[in-house]
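[1] Coordinates only, no sequence provided:
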């Protein structure tokens, strides 16, 4: 249960999960897949990533209601080797495709020391860390990435052409706490702007630029312009210009698009659109058995 702050309420984890599950099931999602989708959303809230928590439920609800997302799992393996696999998500829930992808990568890593799974034709899958954390349960290193709708402006640009393209890596550490990295390749994810917009708060300068390419502290203006493809967007990790190393964040976002989009054959850059009937989001999952390189202790 997360702590409440001024203007917010606290909801017990179990009660929140039951509510979310009931929504998915009513929309035709099988119980197991409903629980997976709910687990991803609630874990985000429990880890303090409000931008990707249950606040995302209305968006997934709309996608299912409009038929843009298939309620039953349509994913299938279209190509496979001992250490790799290619999954077509069939426009299924991104969380369901993501879980299947990482489960497959884990199984292959146990057999060959390394498992890599690429996925295409999927949807927004929530927090990247959910999937890399799955590998930790098997004492494996986990890697999870996804591309996303164009929300991020390139260095010196004023029109979004890249997604926030998150990267997550987890690594076991024997008796110590594991290493867990889960971050966007932008200064912040879109969900963070949505949180500030809901709370009617101004955001820090350095997060985003308006349609003229100038920095702004008004999240609503940025979100509105992005939704209508008018220009502006979130800045890449590092911030504005080369002086703040924004080109490095831009490069990292491109790297994710290569591994998630180009490798899988999914949409890339401006072609990804999670608010349309066929977003064709791409994911990348990798599991590595460290015991193949050195003792775990």
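    Structure received. From a predicted model like this one, the values you see are computed outputs, not experimental measurements.
[2] Doesn't residue 118 belong to a strand?
    Yes. Inclusion of residue 118 in a strand is indicated when DSSP: H, G, I helix; E, B strand; the rest coil is applied.
[3] can you give me the strands in the stretch 1-150 of the chain?
    For the stretch 1-150 of the chain, the strands defined by DSSP state E, counting those that start in this stretch cover 76-80, 84-88, 114-122, 141-146.
[4] what sits up against the third one?
    In other words, strand 114-122. Strand 114-122 has contacts (CB atoms under 8 Å, 6 or more residues apart in numbering) with 75, 83-92, 94, 97-98, 101-102, 104-109, 259-260, 263-266, 278, 280-289, 292. Where you see a C-beta, it was placed from the backbone N, CA and C, and this is true even at glycine.
[5] Let's see which of those residues end up in helices.
    The helices, defined by DSSP state H, take in 94, 97, 98, 101, 102, 104, 105, 106, 107, 108, 109 from the contacts of strand 114-122.
[6] Would you confirm that the last one contacts residue 291?
    No. Under the criterion of CB atoms under 8 Å, residue 109 lies out of contact with residue 291, with a separation of 10.2 Å.
[7] What segments of the chain are helices?
    Going by DSSP H, the chain shows helices at 13-26, 31-46, 57-65, 94-112, 129-136, 190-198, 219-227, 246-257.
[8] okay, now the closest residue to residue 123 other than its chain neighbours: neighbour count?
    Using CB to CB, 6 or more residues apart in numbering and skipping the chain neighbours, the partner closest in space to residue 123 is residue 94 (3.9 Å). Residue 94 has 25 neighbouring residues, counting by other CB atoms under 10 Å.
[9] next one: residue 215
    Burial measure for residue 215: 14 neighbouring residues, criterion other CB under 10 Å.
[10] Quick one, grab the pLDDT at it.
    On pLDDT, residue 215 comes in at 93.
[11] For residue 57, give its distance to residue 133.
    The gap separating residue 57 from residue 133 is 21 Å, by CB to CB, to the nearest Å.
[12] between the two, who's got more neighbours?
    A count of neighbours by other CB under 10 Å puts residue 133 above the other of residue 57 and residue 133, at 20 against 17.
[13] How about residues contacting the helix or strand bottoming out on mean pLDDT in the chain?
    Ranked by mean pLDDT, DSSP states H and E, the helix or strand of the chain with the weakest confidence is helix 190-198, at a mean of 90. Under the criterion CB under 8 Å, 6+ apart, residues 49-52, 55-56, 151, 164, 202-203, 207-208, 219-220, 222-223, 226, 234 lie in contact with helix 190-198.
[14] what number of residues lie near the residue nearest to residue 282 when sequence neighbours are not counted?
    In space, residue 282 comes closest to residue 266 once its chain neighbours are excluded; the distance is 3.2 Å by CB to CB, 6+ apart. Residue 266 has 25 neighbours, counted by other CB under 10 Å.
[15] again with residue 137
    11.
[16] tell me the pLDDT at it?
    96.
[17] Pull up the gap between it and residue 11, please.
    26 Å.
[18] rewinding a little: residue 36 is nearest to which of the strands of the stretch 1-150 of the chain?
    strand 114-122 (13.5 Å; CB to CB).
[19] quick one: strands adjacent to that closest one?
    Strand 114-122 has its sheet partners listed here by DSSP bridges as strand 84-88 (parallel), strand 281-288 (antiparallel).
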